[in-house]
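**Q** When you get a sec, could you give me coordinates for this:
(2 chains)
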Amino acid sequence: MAASSLKRRKVELLLDGVERLPTLPGVAQHLLALLVSAKSAPREIQQVLESDAALAARVLQLAVHFGHAPTPESITIQGLLRTVGLEEIAADLLSVDIVDAEVLRRGRLVRLWKHNLATAMAAQVVAARLGTVPPDQALLAGLLHDLGHVALPVLMPKAFGQVIERVEAGGADFLEVERELAGMDHAVLGKQLAQRWGFPEAIQNVIWLHHQANIPVEQSGAGPLIRVVRLADLIARQEGFGYHPSEQIRDNAQELAERLGLAGAQTEAIGQQVADAIGANIRAVGMEDEPTPGQLWRLVSAANRRLGGAYRAVSDQRREVQVQFRRADLLIRLNGRLADCHSSREVLETIAETACEVLGLRLVVPYLLARSYEYVEGVSATGEGGIEHHFLYEVSQSETLRTLLSEDVAPLGGVIGPVRAERVEAWLFERLGERLGAGPFYTVAMVVEGVKIGGIVFALAGGKKDTGPQETAELVALANLAGVALKRAQAEADLVALSEELAEANRELTAAQEARLQQRNVASLSEMAAGAAHEINNPLAVISGRAQQLLGPEQDAARRQMLESIVEQSDRISDIIGQLRRFARPPRPQPETVDPAALVRSVADDCRAELEGTPVTVTIEAHKAVPAVRVDPGQVAEALREVVRNGIEACARGGTCVTILVQPLAAEDAVRIAVVDDGPGMSPHVRARAFDPFYCGYEAGRHRGMGLPKAFRAVEANGGQMALESTPGQGTTVRITFPAAAEKPAP
Amino acid sequence: MKDVYSTGEAAKVCRVSQQTIIRCFDSGKLEGFYVPGSRFRRIPRENLMKFMKENNIPLSNLESGKKKVLVVDDEPELLDLLVDALERDGRFEVKTAGTGYDAGLLTQQFRPDLIVLDYMLPDINAGVVCRTIRANPSLAHTQIILISGIVEEDKVRDLYQMGVKAFMHKPFRIDDLLAKAAELLQV
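**A** Residues are numbered from 1 along each chain as shown, chains lettered A, B, ... in the order given. Down below sits the predicted model:
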């Protein structure tokens, strides 16, 4: 048992390696003659395939191999020829195997072939009469039913020889002897082979079960086909087309036929029909022919030539496929990389690197022509060193531009092949010169929507002098893709520039709106102040005037004081209104050319006079060479005084010194006066409103919050600018800037 | 009140030419004296009054001896105050107008020596009033003081060109106004 299971395993391993079974020399001769002939003979080829189990198995195997899972209706030689195609099958059959002469003789294979043919023919007739299965399917099943028997002598000639000897010695059951000597009988072997080759289950079951009277339930679906083949097998044997005389025939054909619903006499008629026709078939396919080695050699040579031609055709196709694949690969890779590029520089680098890498070029120099036609931006890369050099060249000279946009741009049916670069791209050689190495150089234009936007200059690797059609096509494809990517990068850059411009415009608009709002505020304030002055000063004049009249004759000191107070406070109200009016509508400046340092010194002197008894100091740091300014000295001095006073007041609440810096701003041709205090600083809220009239960050007091606003307006009216910077805890800096005067101040 | 008149002043009071006064003085119809050490004629008030009565000249100009002041303002309270102040002083005869139009009419009739003019009148710009007065040669002697709550300095400058002699900002010192008026009218 162990020995037999080992044998079985050996057979199984052997079966794994079987690709095809050989056929008889006579059949091979006939088939090859048909295949190499100039005339196509599909009908004859079909006849050969319908007569030979090995060839029929090969065709079914091919169908499975090509993925044409045969449907029950198409499991016929004709159906397979249709689905796989005669061309494919013919090409494969050119390499048909021929059975070894010794095996042929010892295995009595011609008999076996005849048996298969007879069974097939009988099965076809039986099926036709019964109508349970398609006759051509029954024919194929009959032809293949002894597939294991066809394989056994070929795969295991020695073991098979022993089987024949034992059977001939007498009495032994063929199948049992096969099992004993070969490890498995031909039914199982055939089934395993059919399984490995992916044959339809109906066929597998016929091969497996054609000797069995009782068909297992799970295979009952294949029952009708199996029974047809089984009956055909019996009929073939009865007609003398058994494989071996010693084969025992346990079953009676007539009994079986009757069970299937055929009259006993019909089996004989069928047998007779087969016997009458089989001779012609055998002759037609040359089953019994014995071609000489010379004949065979000639045919095999012819087949080889045919095969060689087929191989060349295939390898041509393969090369074409490879080329297309390479191009597709290039474009896909490039496209993938370009998708991540957002600037023209990135795109240029990617093009250069990819072209070097995928096309194996020695040098690649892609360049982009700026849309203004003012400059060319490019990059050079080599196959060895990668990106080597970025360049940006002015090309505004008309000569360079003319060559850059030369006639070579003109599309030739949409495709511009590479042209020699030395002439067309002279600008590049003038500038990059020796960096480019040895030529020849080629260039291909990048054209988008009929406009040249750049090009790719390149040199081939390995001393190659010319581009082949394949490289040309690849480079053109590359240039097209690159052109689109560069255009996109330009568009992206434009978008960024546009959004920056928009942001700038928006910022300016906002500033202008703020300024306009401020102006409108001032204008309405001015109007209000004018109205208020009129409306308030009239009653004030009456109040003050009446108080003055009462004051005249008054003798009582206390009452006099009260009346005087009324007069004074009226003046004060009037004064406030006057200030407001002057803020809203500052008096027109009377400009003079003034030395700012001198002006600052006089202001500081005034302010120091007010500092008696306080620890606060006012110091000046004036640059030696400060240009003169052209301002109304009175108004500007008053403005400065207000700013310095503001600083002093801030110091009074926690600081020690106010410093006035006078500096030239050479770059802007202006003079800067900065008043810096080390007081407590302002909160952002106070700072934001520091120039608003009547706004006072600290306690509402003597100054009524008009100092800085008045100063701001006065500076503005005199053509200067005033800005305030303050941080809580770090003091306040007021910067006043006036444009420098053209002339020097009068001494 | 003046006690002694020059021949020019006497001519003004009597509304005759200075030559007529001089002739009457020299013929003795109008009594007076020479300023010692000079030939300037002077006529005492009582002699002038006697002369005017003898010749049936209305005494209205002489009797008050007061300067005529027209106050123009649209604010009644302020008018009251000004009238009150000027009359209390005693040297001025005061009339008022609330609009530029009234001011024009009254100027023709009243022929004021001084107009105290508010800059912001409801109908006519003060500048127009000034120009109209200056265009009339018979009002050459009329002085103008402008009072206002708001006029900017550069505008004041223009108004001085149009014959305004003084500008006072409201609220003002009444004493200052009176002093200015007396100065302009030489009283």
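
**Q** What residue in chain B comes nearest to chain A?
**A** Nearest residue of chain B to chain A: residue B:149, at 2.9 Å (C-beta to the nearest C-beta). Yep, even glycine has a C-beta here, placed from its N, CA and C like the rest.

**Q** Thought residue A:542 was touching that residue, still the case?
**A** No: if you go by C-beta atoms under 8 Å, residue B:149 and residue A:542 don't touch, sitting 11.6 Å apart.

**Q** So for these two, which sits in the more crowded spot?
**A** residue B:149 (25 against 21; other C-beta atoms under 10 Å in any protein chain shown).

**Q** if I look at residue A:603, how far off is residue A:579?
**A** Remark: distance between residue A:603 and residue A:579 (C-beta to C-beta, to the nearest Å) = 19 Å.

**Q** lowest-pLDDT helix or strand in the chain?
**A** By default, I'm working from chain A. helix A:398-404 (a mean of 60; mean pLDDT, DSSP states H and E).

**Q** try again with chain B
**A** Using mean pLDDT, DSSP H and E, the lowest element in chain B is helix B:60-64, with a mean of 65.

**Q** okay, now the domains of chain B?
**A** B:4-63, B:66-185 (automatic domain parsing).

**Q** Out of the ones you listed, the one nearest residue A:302 is which?
**A** domain B:66-185 (123.1 Å; C-beta to C-beta).

**Q** just so I have it, where are all the strands in chain B?
**A** Along chain B, counting by DSSP state E, strands occupy B:4-6, B:33-34, B:41-44, B:67-72, B:92-97, B:114-118, B:143-148, B:164-169.

**Q** Out of those strands, which gets nearest to residue A:93?
**A** strand B:143-148 (126.3 Å).

**Q** Give the partner strands of the closest one in its sheet and their orientations.
**A** strand B:114-118 (parallel), strand B:164-169 (parallel) (DSSP bridges).

**Q** Same list (these) but as a markdown table, adding mean neighbour count and mean pLDDT.
**A** Putting the strands paired with strand B:143-148 into a markdown table (neighbours: other C-beta atoms under 10 Å in any protein chain shown; pLDDT from 0 to 100) gives the following:
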| stretch | mean neighbour count | mean pLDDT |
| --- | --- | --- |
| strand B:114-118 | 26 | 92 |
| strand B:164-169 | 18 | 88 |
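
**Q** Nearest to residue A:138, out of these?
**A** Once those are compared by C-beta to C-beta, strand B:164-169 is nearest, at 134.1 Å.

**Q** contacts for that closest one?
**A** A:537, A:574, B:117, B:130, B:143-149, B:151, B:156, B:159-160, B:176-177, B:180, B:184 (C-beta atoms under 8 Å, 6 or more residues apart in numbering or on different chains).

**Q** quick one, what contacts residue 86?
**A** Since you didn't name a chain, this refers to chain A. A:40, A:42, A:45.

**Q** Correction: the question concerned chain B.
**A** B:69, B:71, B:92, B:94, B:178, B:181.

**Q** circling back: out of the domains of chain B, deepest packed?
**A** domain B:66-185 (a mean of 18; mean count of other C-beta atoms under 10 Å in any protein chain shown).

**Q** And residue A:630, its phi and psi?
**A** phi -110, psi 100 (degrees, to the nearest 10).

**Q** Got phi/psi on the closest residue to it other than its chain neighbours?
**A** Once flanking residues are discounted, residue A:630 sits nearest to residue A:741: 4.2 Å by C-beta to C-beta, 6 or more residues apart in numbering or on different chains. Phi and psi for residue A:741, reported as degrees, to the nearest 10, are phi -80, psi 150.

**Q** what's the most centrally placed residue in chain B sitting at in phi/psi?
**A** Compute the mean C-alpha point of chain B, and by C-alpha atoms, centre = their mean the closest residue is residue B:113, 1.6 Å away. Per-residue torsions, residue B:113: phi -80, psi -30 (degrees, to the nearest 10).

**Q** Ok, residue A:738 next?
**A** Per-residue torsions, residue A:738: phi -120, psi 140 (degrees, to the nearest 10).

**Q** Quickly note the distance from it to residue A:6.
**A** 113 Å.

**Q** same check, this time on residue B:97
**A** 147 Å.

**Q** Ok, residue A:718 next?
**A** In terms of C-beta to C-beta, residue A:718 sits 117 Å off from residue A:6.

**Q** hmm, back to that, quick one: residues contacting the residue nearest to residue A:630.
**A** A:593, A:594, A:627, A:628, A:629, A:630.

**Q** Ok, residue B:157 next?
**A** Residue B:157 neighbours (C-beta under 8 Å, 6+ apart): none.

**Q** State the number of residues packed around residue A:596.
**A** Residue A:596, neighbours per other C-beta under 10 Å, totals 28.

**Q** I'd guessed it sits against residue A:736; true?
**A** No: using C-beta under 8 Å, residue A:596 is not in contact with residue A:736, being 9.3 Å away.

**Q** where do the contact lists of those two overlap?
**A** By C-beta under 8 Å, 6+ apart, the residues touching both residue A:596 and residue A:736 are residue A:673.

**Q** Need the per-residue pLDDT for residue B:84.
**A** pLDDT for residue B:84: 92.

**Q** Over to residue A:412?
**A** 40.

**Q** residues near residue A:87, how many?
**A** Quick note: residue A:87 (other C-beta under 10 Å) scores 10 neighbours.

**Q** same check, this time on the one 4 residues further on
**A** Counted with other C-beta under 10 Å, the burial measure for residue A:91 works out to 19 neighbours.

**Q** how near is the closest residue to it other than its chain neighbours to residue A:67?
**A** Distances taken as C-beta to C-beta, 6+ apart put residue A:310 closest to residue A:91, at 5.4 Å, once the chain neighbours are dropped. Distance, residue A:310 to residue A:67, using C-beta to C-beta: 21 Å.

**Q** which of those two has more neighbours?
**A** Taking other C-beta under 10 Å, residue A:310 and residue A:67 do not tie; residue A:310 has more neighbours (16 against 7).

**Q** Would you tell me what the next helix or strand after the helix or strand the more buried one falls within is?
**A** Per DSSP states H and E: residue A:310 is located in helix A:293-338. Using DSSP H and E, the helix or strand that follows helix A:293-338 in sequence is helix A:344-359.

**Q** Show me how far the next helix-or-strand element following that next one is from its chain's centre.
**A** Sequence-wise, the next helix or strand downstream of helix A:344-359 (DSSP H and E) is strand A:363-369. With C-alpha atoms, centre = their mean, to the nearest Å as the basis, strand A:363-369 stands 23 Å off its chain's centre.

**Q** Just the C-alpha atoms of strand A:363-369, please, in PDB.
**A** Taking Å, rounded to 0.1, in the frame of the first residue of the first chain, the C-alpha atoms of strand A:363-369 are listed here in PDB:
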ATOM      1  CA  LEU A 363      22.500  66.600 -21.500                       C
ATOM      2  CA  VAL A 364      19.100  68.200 -21.300                       C
ATOM      3  CA  VAL A 365      18.600  71.900 -21.200                       C
ATOM      4  CA  PRO A 366      14.900  72.900 -21.000                       C
ATOM      5  CA  TYR A 367      14.200  76.600 -21.100                       C
ATOM      6  CA  LEU A 368      11.200  78.900 -20.800                       C
ATOM      7  CA  LEU A 369      10.700  82.100 -22.600                       C
END
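
**Q** For that strand, give me every contacting residue.
**A** When contacts are defined by C-beta under 8 Å, 6+ apart, strand A:363-369 is touched by residues A:344, A:347-348, A:351-352, A:355-356, A:376-383, A:395, A:404, A:428, A:432, A:436-437, A:441, A:446, A:452-459, A:482, A:486, A:490.
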